[in-house]
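Engineer: sequence below, structure please.
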Amino acid sequence: MKPIKLTLQAFGSYGERTSIDFTRPVQSLFLVTGDTGAGKTTIFDALVYALYGENSSNTNKKTGNDLQSQFVGRDVTPFVELTFSEANGCAEEIYTVHRCPAHLRKRQRGQGGDIPVNETIALTMPDGRDFSGKNNEINNKLQEIIGLTKEQFMQVGMIAQGEFMELLRTDSGTKKEIFRKLFNTAIFQQITDNLKERKKAAQSEMDKLLLRCKLKAEDIQLPENIASDHPIAELKAAIIKSEKPNIVTIEKLLEELPTLCESLAQQEKELNQDFTALSAQREQSISQYTAGKLLADAYAELDKITEQEKELAAQQSDQEKNAQLAQAIMDAYQIKSAHDLYASQSKLLQDTMAQKERETARLPELKTAEETATSQSQAAKKAYTQELSAFSALQTKVTAAKENFAAIAAAEKACTAAKAQAAAAQAEKEKTQKTLTAFNEDIKQWNKRFQDLSSAAGEKQKWAEKQGKVEAWQKQQLELADLDKKRSAAQDAATQAQNSFKQAEDNYQQKRDAYEHAHRIFLNAQAGLLAADLEPNMPCPVCGSTTHPHPYVLSASEQPLERQALEDLQKQVQQLNIQQSKAAQKASEALTNCKNLTEQYQSAKEKFTASLQEAKIPADTSLSAIAQELHKWAAVIQQKLQKYSLEVQEANALKEKLATSSNKLAELEQAAQKADTRHRELETKWQSLSSQLATLKGQQTYASPAAAEAALAAGQKQLQQTQEKAKKAEGELVAAQKSRQEAETIIKDCSQKIPQQNTAKETAYEAYQKHCTTKNMTEAQWQALTAEYTAQDGEDKQTRYQQYKNTALKVQGQKETQLKNINGQQRPDLTALAATQDTLNVQWQELGDKLKRLQQLRQRNEEATDSLRELMGNRNNKIAAAARIENLYSRLSGKMTGSRMDIETFVQRHYLQQILLAANYRFAEMSAGQFELRLMPVEDAGQGKNRGLDLRVYSTVTGQERDIKTLSGGESFMAALSLALGLSDQIQANTAAINLDIMFIDEGFGSLDDHSRSQAIKVLKRLSAGNKLIGIISHVTELKQEIDNQLIVNKNEKGSHVTWQIS
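Structural biologist: Reported below is the predicted structural model:
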């Protein structure tokens, strides 16, 4: 990176727009000179700010409003613009960065203080396009182009005033951070970090393995007979209690576990043999009890059967008697059934013969009745035929009369309707004529009223304009009142801000006086210490002079502060100065705001009162009185506007009515003509219908429709009576015929049935006699039994006897079965057998539970042993891998005792060694070969802490190394300058992406003697003979004679200005 042009405006001490063309110097070495405070360092601040958004100092950083110039107004926008080149291979690419810091802009319109404006950045790329992105994205792009952070840039490209020895004296840790970006050594830190993570992961795996071992140890279950001091019990307890178990303890436990498992297996084998023998005894006991239970059940069943046999023997005699009685009852009822059949056949024969005799006697009467009914039916039919002919003629006559009456009614209705329509048409005619007359009168009235309202629109417009003026005056009055409130508030705020500024100014003055007094005493003390060591003809370490006319003598009354206390006091003064500046700015802003509001208020009030002359309101009237007068005016105007608005609305309505009146008038005239025509037509129709009605009334034969209906009803009634008589005679004939036919049928049927029924009677009697003989019962015997017993009684007695016989047979079969089951065996003792079985069951259950627990115990311990053996088998490889990673990490990260230097520092020593080669070439030239910079020896670099990048100085005069901090001010400057030049060379040589063709040095030459200064300038001139641009800020007079190209900085009441002096 090489600067081409720098432009500043309203930045720091530069108020007006100032441009610095870095291509003007004939040589690449130039001097920036000027009085103290002229603005020399601000040039470098601007350059660094353009690139990084911060000023050049790392200890006194300024951003935003702190950078805005006080030499121009707030209406001038502050900015810094830097054009620089960046090498890209053999070509140069030109970039331009334009950066406006956060600042306050003067408000152009409205009221209030200055407007805060945020920082803006614009980056123009080599192809002329703007890089698009947010501020942080543009900052990242700039850092990518330059290849250095701001802190790194300040170490190799710009050595700020008072900070030139930072890289020289800083510790190895800080140097490592700087070199990491410069030489891309971050990968070695990444390797270390990766090893650290792998070490943690390996340790985590080991911890997890130990935790799993602990969990498996907890799974081990010891037999109850093992004592707590048994080795395996103690090992398990030690592992469980330990948060992180000892691997040795786990190994010992693993050695003991197989013995325990073998012991448990032997116990299980012995117990299993006992369990097998006991199980056989238990099965035998169960079999004996089961057989005894079956035998006992057979004896119990045999006892029940014996009792049943006794009961059946006692019932045998009664059961046999009941069986005989049951048979007699059933025989009696069979005889009774045969007797009942004979009796019923006898009765049926008698009934048939009696019916035949009755019907034979009735038959002559029925025939005579049939003949009489035939004669009566024929006479009735003839009378009905005659009456039907007479009714048909009457019906025709009545129908004709009804039609005539209907025609008369329709004619009367039509005549009435026509008369009503004619009357309605007459009324409509009169109505339309009246409406037409009234509308003509309305038109005359509308014309007259419309003429009266012709001036309403003009009056409304005039009062509306007045209302607009009053509303504008009211609005202005409210705005003026609001402005007056803001003016009062601004006056209060200005007073408060002035008081705050006064207090801040007093605090600053007091603290500044205290600091200046303490600083003066401190400088005097330093001067006294230096003067005490001055010798005639020896150069002063500060100014280099060999003459010391008035050396300072430290007074005994002066008690200087420590440097840290003085620096703290200085920070307090700076903080109070910032507070004073902010308070001054706030007071200025408040006063400006108050003044602006007062001027606005006076101007607005004058214009407002002048405009009120039209309303005849005096200029000295108060705002509240003006508001009251305007309110009265507004009320009067509103009333007038309402009045004329209503009149305008009415006029518009009348105008619209008159515009449509001609059409409506024509419609009304047409309607009146139509009504007259319709009335004449309806009157003619009514007269014609009246004539037709009179004709119809002359043709009527009946007095009324009711009379016609009555004649028809009487004829219909006579016809119905004749018809009913004919139907009755016909019914009587049919009934007589049916009676005669039924009597003849019954006589015939009875004649056929009597021989058959007589034969059936005789057959039934023979069957009855046969049953009595067969059953050996007289009629008296069976009648006695059937009287005493029912047929169901006989069946029930028979069923009970059969049940008795079946039960006796069943009992006999059961007895034989149980005797077969007993087979001559003795009755068993079930109580003794059950007791034996219960005892064996308890013993078997207890032994089985014990065996099961022992099996589970053995299996659990064997599983735990296998798991522990597997876990411990994997641990060796993990332990070896973890040890290798930990050893490698400790060595590369500098965590080993006596070797605290990490690998990144070790690699950076190589780069620093190359830097020192280039730096010592210049340092030797500047110091006349007296000094050489050296690295801390590698054997000492890791002692105590990492000091691998610490520097020492070797004196060729004494032949000894010493701490870099022992160099004097001038020697330190030469060493720092040489180191910066060497660092720049190494960057150019090793990092193709970084092309730093710039070096600015702010002060430091005042600490050199003439020879050393001359040598330093020679080195810089030789360095600038290439492409590197070197600028020196200094007010040392001798440099003006040695450097031809000079940028002269002056400062006046308008701020700083620059001028090139090229010789």
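Engineer: show me what contacts Thr33?
Structural biologist: 40, 1033-1035, 1039-1040, 1046-1049 (CB atoms under 8 Å, 6 or more residues apart in numbering). In short, each C-beta sits where N, CA and C put it, glycine included.
Engineer: please enumerate residues in contact with stretch 15-26?
Structural biologist: Taking CB under 8 Å, 6+ apart as the rule, stretch 15-26 contacts 2-9, 43, 69, 71-72, 76, 1029, 1044-1045, 1047, 1054-1058, 1060, 1062.
Engineer: using ChimeraX, define a selection of the buried residues within these.
Structural biologist: Selection of the buried residues among these in ChimeraX, burial being defined by 16 or more other CB atoms under 10 Å:
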select :2,3,4,6,7,8,9,43,69,71,72,76,1029,1045,1047,1055,1056,1057,1058
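Engineer: give me phi/psi at the residue most central in space within the chain?
Structural biologist: Geometric centre of the chain, nearest residue: Lys134, 30.6 Å, by CA atoms, centre = their mean. Note on Lys134: its backbone torsions stand at phi -80, psi 170 [degrees, to the nearest 10].
Engineer: before we move on, back to that, adding distance to Leu933, write the contacts of Thr33 out as CSV.
Structural biologist: Below are the contacts of Thr33 laid out as CSV (distance: CB to CB, whole Å):
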residue, distance to Leu933
Lys40, 29
Ile1033, 25
Ser1034, 24
His1035, 29
Leu1039, 25
Lys1040, 30
Gln1046, 31
Leu1047, 31
Ile1048, 35
Val1049, 34
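Engineer: so which of those comes closest to Gln288?
Structural biologist: Of all the contacts of Thr33, Gln288 sits closest to Ile1033, with 123.9 Å by CB to CB.
Engineer: that closest one contacts Asp1002, correct?
Structural biologist: Yes. Using CB atoms under 8 Å, Ile1033 is in contact with Asp1002, at 4.5 Å.
Engineer: before we move on, the earlier item: of the contacts of Thr33, which belong to helices?
Structural biologist: Judged by DSSP state H, the contacts of Thr33 include 40, 1039-1040 as members of helices.
Engineer: and those residues as a markdown table, adding neighbour count?
Structural biologist: Formatted as a markdown table, the ones in helices among the contacts of Thr33 follow (neighbours: other CB atoms under 10 Å):
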| residue | neighbour count |
| --- | --- |
| Lys40 | 29 |
| Leu1039 | 19 |
| Lys1040 | 15 |
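Engineer: between these, which is nearest Phe608?
Structural biologist: Nearest to Phe608 among those, with distances taken as CB to CB, is Lys40, at 55.9 Å.
Engineer: tell me the contacts of that closest one?
Structural biologist: 32-34, 1002, 1033, 1049.
Engineer: buried members of these into ChimeraX, please.
Structural biologist: The ChimeraX command for the buried members of the contacts of Lys40 (criterion: 16+ other CB under 10 Å) is given here:
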select :32,33,34,1002,1033,1049
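Engineer: can you tell me which of the contacts of Lys40 is closest to Lys761?
Structural biologist: Among those, and counting by CB to CB, the member closest to Lys761 is Asp1002, at 168.2 Å.
Engineer: so the closest one touches Leu977, yeah?
Structural biologist: No. In this structure, Asp1002 is not within contact of Leu977 by CB under 8 Å, at 11.7 Å.
Engineer: residue boundaries of the helices in the stretch 701-850 of the chain?
Structural biologist: 705-775, 779-788, 791-822, 830-893 (DSSP state H, counting those that start in this stretch).
Engineer: remind me which residues of the stretch 701-850 of the chain are low pLDDT?
Structural biologist: Judged by pLDDT under 70, the stretch 701-850 of the chain has no weakly predicted residues.
Engineer: 90 - rerun?
Structural biologist: Scanning the stretch 701-850 of the chain for pLDDT under 90 picks out 701-838, 840-841, 843, 847, 850.
Engineer: with the stretch 951-1063 of the chain instead?
Structural biologist: Using pLDDT under 90, the stretch 951-1063 of the chain drops low at 951, 955-959, 961-1046, 1053-1054, 1062-1063.
Engineer: in it, which spans are helices?
Structural biologist: 969-990, 1010-1024, 1037-1042.
Engineer: reformat these as CSV; add distance to Ala407.
Structural biologist: Shown next, in CSV, are the helices of the stretch 951-1063 of the chain (distance: least, CB to CB, whole Å):
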stretch, distance to Ala407
helix 969-990, 136
helix 1010-1024, 144
helix 1037-1042, 149
